[in-house]
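Student: Kindly generate the corresponding structure for this input.
(chains A and B)
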Number of protein chains: 2
Amino acid sequence: MTSLDQKFAALAAENAPGQEVRQSLSALDTQLIGEPLPGIPVDFSHGDVDAFPPTPGSAEAWNAGFEAGGQQAYTEYRGAAVIREGLAERLGTFTGCPISAKHELIVTPGTQGALFLALGATVTAGTKVAIIEPDYFANRKLVAFFGGEMLPVGLSYLGERTGNGPNLTELEAAFTAGAEVLVFSTPNNPTGLVYSAGDIAAIATLARKHGVTVIVDQLYSRLIYSGETYTHLRAHKNAPENLITIMGPSKTESLSGFRLGAAFGKAELIERMERLQAIVSLRAAGYNQAALETWFNEPEGWLQNRIDAHQAIRDDLVALFRAAGLDLAVPQAGSYLFPAVPSLSVTPDVFVRLLRQQAAVTVTPGSEFAPATRSSVRLNFSQDHEAAVAAGQRIVKMIEMYRA
Amino acid sequence: MTSLDQKFAALAAENAPGQEVRQSLSALDTQLIGEPLPGIPVDFSHGDVDAFPPTPGSAEAWNAGFEAGGQQAYTEYRGAAVIREGLAERLGTFTGCPISAKHELIVTPGTQGALFLALGATVTAGTKVAIIEPDYFANRKLVAFFGGEMLPVGLSYLGERTGNGPNLTELEAAFTAGAEVLVFSTPNNPTGLVYSAGDIAAIATLARKHGVTVIVDQLYSRLIYSGETYTHLRAHKNAPENLITIMGPSKTESLSGFRLGAAFGKAELIERMERLQAIVSLRAAGYNQAALETWFNEPEGWLQNRIDAHQAIRDDLVALFRAAGLDLAVPQAGSYLFPAVPSLSVTPDVFVRLLRQQAAVTVTPGSEFAPATRSSVRLNFSQDHEAAVAAGQRIVKMIEMYRA
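Tutor: Numbering: from 1, shown residues only, chains lettered A, B, ... in the order given. A predicted model of the protein is given here:
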């Protein structure tokens, strides 16, 4: 079982968001400095759906689905046809390029489910995959699980806006070295960077030239802050032929408790994803799929209010961390902040655990996103505004207490 | 991409239950004999949750989960701790052996999700897996997907009760040949055979002797017909050390639209399953998990009524098919019938499609369960009683019309 042991060692999940409760904190006592920092506990590892509640009408939609009975309980594995029809229309409009509801769209158990299926459909033993660093941590775990080989491509996010973005030289080198797949998120998780129109065009052109399959995770592409613009790869005139776009209502819309996502693009890849879904979990929970009717169908003004509220929290936290001298990028979209923590007297991993034990603040360690970002921490600031700012102040105080 | 093409060819899902709507029926016209057989359409590919509705209180439990907010939306990947505590207690009592809620239980997206995680945690490239034939079709697809090698073990189900069961000689031969994993269902899907106490004891002893990991799918172990007894492998004194038991409320309890399942057993394997769940779909949908509070907590008499209603349908269909000369076993549990269809003028695959087009009856072809059972068909008779019997009569009539 040695090869299975190795395979699962690479999937260690104890630092993953939400799993912190399983960690033993007792060993920390010897490294603890000073007194507890009291305050309302804030779990920045994921958004707070009590502070930003689910889309209006989502529970009612679920109940209507339940009442509809068997037809809603047992859908096609790729999701109920009638729901896919409306969704394909709305997602096609949003992303600027039409989608065939019958052939080019699959409803998945969350965006995580979509990523799993997309990588499972394209990566097998020995497949070379270009991975952006930093990027969503599961991308790397998925490539490892399916036996692929990672070719890392750097992402600049801390400098001047015009200099930020993926390292296109490294990207082309990865493609030349045989990468068959590229997976990346825009807005980037964990930094909030939105890929520029120029970078999207370059990715399109390079992927086409080298015949690379592209999986683009656009989970946060609705939560775009004022003054920013978003470019959809799939609407680009040179968009790669083998392209899967992933979205879901679990973040901006706070529907994470429904486990719903969607992937759309190349029909042959969607077909593979459905075959895989058939053995993974059959389908996204049938009644839950009904809540997709509320997606891109929210009440007038709802989305703008949500964006404004997040922007206000972002601005306060950025000001707070910058005043404390932390290096961080201003997210252009989404609800992640990724400040770099200066050199401390404890390891970054221990600091993250101390934050939780001593200051009631949960963050995700930067080591989850790229080997090089281990001294950064990720905060999902979709939280109660006041509690988030107070927790941010406790983070700053903890850094002062533990500074090397 | 050739190896991926092969991998996904093995996962063909167009005959899978619920996927029939995606089949093209136009090519059938040349093989059609006689007139349409009208009647209420019956889809025997899965249970009808309108005829047998979800457990009382399940929708209310979901709504309470939704109201509970963030704590229910974001659970540990293995499921909410408080729900696991009650469930471990009840499942431990039911299966006759205690379960640690903290270490030995994971809540999954359906029983399919549990099977995927269990096989993903134990099978990798080259792992030899003993597979019962016939058995649930996804078992074989899962082993193929993870790169395992199948060692088939026959199951007798059509003879005298005392002679039925797994071929223990073949089972031991598979273990001797290096099988590291055995996966099987009892009650067996598709035949409804319940493994005898003697066979369970033999499996326990052989698995222990050869150090084999056992995954036992007990999805239907609550729906046991009068006069039958059920033996839980995990309660056996020689139960194998590496054992995972799988159950779920999607069948007897008609909660399929919630996508909930549970796996319990060896802590190290549950830990691996959770790590895999973290990259597959994070968790069973948070709000849905709340419906598990109704499981093994149903109103007094509810389960017995459900068993009695199914037994009455079973008896009518068995009488009907036996009168028509079809070879079939009387299911001891569950809601599957697996009659053998005699030689026809069309292939078994075409007959299944004709049944749907001409007689409004959907069944699952036997080829899904084992190569040798391709001329059988599986019926899930958890249906409206009257409609099911009428549909059974149409099946008999169709067999007469197409008899070779």
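Student: now the helices for chain A?
Tutor: A:2-9, A:58-68, A:70-73, A:81-95, A:110-120, A:137-145, A:168-176, A:197-210, A:267-280, A:286-289, A:302-323, A:348-359, A:385-402 (DSSP state H).
Student: of those helices, which approaches B:Leu303 most closely?
Tutor: helix A:70-73 (20.0 Å; Cβ to Cβ). For glycine as for every other residue, the C-beta is placed from the backbone atoms N, C-alpha and C.
Student: Give me the residues contacting the closest one.
Tutor: A:65-66, A:80, A:286-287, A:289-290, B:48-50, B:256-257 (Cβ atoms under 8 Å, 6 or more residues apart in numbering or on different chains).
Student: cool, stretch A:268-275 as well?
Tutor: Contacts for stretch A:268-275 (Cβ under 8 Å, 6+ apart): A:76-78, A:103-106, A:108, A:114, A:117-118, A:120-122, A:213, A:242, A:244, A:263-264, B:4, B:8, B:11-13.
Student: hmm, the top strand by length along chain A touching chain B?
Tutor: Determined from DSSP state E, the single longest strand within chain A is strand A:149-156. No - against chain B, strand A:149-156 shows no contacts by Cβ under 8 Å from any Cβ of the partner chain, the least distance being 14.2 Å.
Student: Averaged pLDDT, that strand. What do you get?
Tutor: In this model, strand A:149-156 has a mean pLDDT of 97.
Student: Tell me, how many residues neighbour A:Leu206?
Tutor: As a burial measure, A:Leu206 scores 21 neighbours (other Cβ atoms under 10 Å in any protein chain shown).
Student: Now for it: which residues touch it?
Tutor: Counting by Cβ under 8 Å, 6+ apart, A:Leu206 touches A:168, A:171-172, A:175, A:212.
Student: Now list the buried members of those residues.
Tutor: Listed as buried from the contacts of A:Leu206 are A:171-172, A:175, A:212; burial here means 16 or more other Cβ atoms under 10 Å in any protein chain shown.
Student: how about those, which pair is most distant?
Tutor: Checking the buried ones among the contacts of A:Leu206 with Cβ to Cβ, the most distant pair is A:Glu172 and A:Val212, at 10.4 Å.
Student: now, among the contacts of A:Leu206, which is nearest to chain B?
Tutor: Here the nearest of these to chain B, counting by Cβ to the nearest Cβ, is A:Val212; it sits at 12.0 Å.
Student: buried set for stretch A:73-92?
Tutor: A:73-80, A:83-84, A:87-88, A:91-92.
Student: how near is A:Thr75 to A:Ala263?
Tutor: 16 Å (Cβ to Cβ, to the nearest Å).
Student: Number of residues surrounding A:Arg322?
Tutor: Neighbours of A:Arg322 using other Cβ under 10 Å come to 13.
Student: In contact with it, which residues are there?
Tutor: A:Leu328.
Student: where does the residue lying closest to A:Glu228 once chain neighbours are set aside land on pLDDT?
Tutor: Spatial nearest neighbour of A:Glu228, excluding adjacent residues (Cβ to Cβ, 6 or more residues apart in numbering or on different chains): A:Gln332 at 4.4 Å. A:Gln332 is assigned 98 on the pLDDT scale.
Student: related to what we said a few turns ago, can you redo the buried ones among the contacts of A:Leu206 as TSV, where the extra columns are distance to chain B and pLDDT?
Tutor: Converted to TSV, the buried ones among the contacts of A:Leu206 look like this (distance: Cβ to the nearest Cβ, whole Å; pLDDT from 0 to 100):
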residue	distance to chain B	pLDDT
A:Leu171	21	98
A:Glu172	21	98
A:Phe175	16	98
A:Val212	12	98
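Student: In the stretch 251-400 of chain A, what residue comes closest to chain B?
Tutor: A:Gly257 (3.2 Å).
Student: my bad, should have said the stretch 51-200 of chain A
Tutor: With Cβ to the nearest Cβ as the measure, A:Ala73 is the residue of the stretch 51-200 of chain A nearest to chain B, at 3.2 Å.
Student: so A:Gly113 makes contact with B:Ser281?
Tutor: Yes - in terms of Cβ atoms under 8 Å, A:Gly113 counts as a neighbour of B:Ser281; the distance is 4.1 Å.
Student: so what sits against both of these two?
Tutor: In contact with both A:Gly113 and B:Ser281: A:259, A:280-281, using Cβ under 8 Å, 6+ apart.
Student: Any chance of JSON lines for these, columns distance to chain B?
Tutor: As requested, the shared contacts of A:Gly113 and B:Ser281 are exported to JSON lines (distance: Cβ to the nearest Cβ, whole Å):
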{"residue": "A:Arg259", "distance to chain B": "4"}
{"residue": "A:Val280", "distance to chain B": "5"}
{"residue": "A:Ser281", "distance to chain B": "4"}
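Student: Specify which member of the residues you listed is nearest to A:Asp217.
Tutor: A:Arg259 (16.3 Å).
Student: got the contact list for the closest one?
Tutor: A:109-110, A:113, A:250, A:284-285, A:288, B:109, B:281-286, B:288.
Student: How many residues are close by the closest residue to A:Arg222 other than its chain neighbours?
Tutor: In this structure, A:Arg222 finds its nearest non-sequential neighbour in A:Thr252, 4.9 Å apart by Cβ to Cβ, 6+ apart. A:Thr252 has 27 neighbours, counted by other Cβ under 10 Å.
Student: Could you list the low-confidence segments of chain A?
Tutor: Residue ranges of chain A with pLDDT under 70: A:1-2, A:26.
Student: what's next to stretch A:381-391, contact-wise?
Tutor: A:39-40, A:42, A:44, A:47-48, A:50-52, A:251, A:254, A:309-310, A:312-314, A:316-317, A:320, A:335-337, A:359-361.
Student: Please convert the buried members of these into PyMOL selection syntax.
Tutor: PyMOL command restricting the contacts of stretch A:381-391 to the buried ones, with burial defined by 16+ other Cβ under 10 Å:
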select buried, chain A and resi 42+44+47+48+51+52+251+254+310+313+314+316+317+320+335+336+337+359+360+361
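Student: just checking, A:Gln19 touches B:Glu76?
Tutor: Yes - with contact defined as Cβ under 8 Å, A:Gln19 counts as touching B:Glu76 (6.4 Å).
Student: picking that back up, need the buried residues of stretch A:73-92 in JSON lines (columns: distance to A:Asn238).
Tutor: What follows is the buried residues of stretch A:73-92, written out as JSON lines (distance: Cβ to Cβ, whole Å):
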{"residue": "A:Ala73", "distance to A:Asn238": "42"}
{"residue": "A:Tyr74", "distance to A:Asn238": "40"}
{"residue": "A:Thr75", "distance to A:Asn238": "35"}
{"residue": "A:Glu76", "distance to A:Asn238": "32"}
{"residue": "A:Tyr77", "distance to A:Asn238": "32"}
{"residue": "A:Arg78", "distance to A:Asn238": "28"}
{"residue": "A:Gly79", "distance to A:Asn238": "30"}
{"residue": "A:Ala80", "distance to A:Asn238": "34"}
{"residue": "A:Ile83", "distance to A:Asn238": "31"}
{"residue": "A:Arg84", "distance to A:Asn238": "27"}
{"residue": "A:Leu87", "distance to A:Asn238": "26"}
{"residue": "A:Ala88", "distance to A:Asn238": "23"}
{"residue": "A:Leu91", "distance to A:Asn238": "21"}
{"residue": "A:Gly92", "distance to A:Asn238": "19"}
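Student: count of neighbours near A:Ala59?
Tutor: Count around A:Ala59 with other Cβ under 10 Å applied: 19.
Student: still on that earlier bit, right, and the helices of chain A - which one's nearest B:Thr162?
Tutor: For B:Thr162, the closest of these is helix A:267-280, at 35.0 Å, according to Cβ to Cβ.
Student: send the alpha carbons of that closest one over as CSV?
Tutor: Taking C-alpha atoms only, helix A:267-280 is exported to CSV below (Å, rounded to 0.1, in the frame of the first residue of the first chain):
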residue,chain,number,x,y,z
ALA,A,267,-18.8,19.1,-25.6
GLU,A,268,-16.5,16.1,-25.7
LEU,A,269,-14.9,17.2,-22.4
ILE,A,270,-18.4,17.8,-20.8
GLU,A,271,-19.4,14.3,-21.9
ARG,A,272,-16.3,12.9,-20.2
MET,A,273,-17.0,14.9,-17.1
GLU,A,274,-20.6,13.5,-17.0
ARG,A,275,-19.2,9.9,-17.2
LEU,A,276,-16.9,10.6,-14.3
GLN,A,277,-19.7,12.3,-12.4
ALA,A,278,-21.7,9.0,-12.8
ILE,A,279,-19.2,7.1,-10.7
VAL,A,280,-18.3,10.0,-8.3
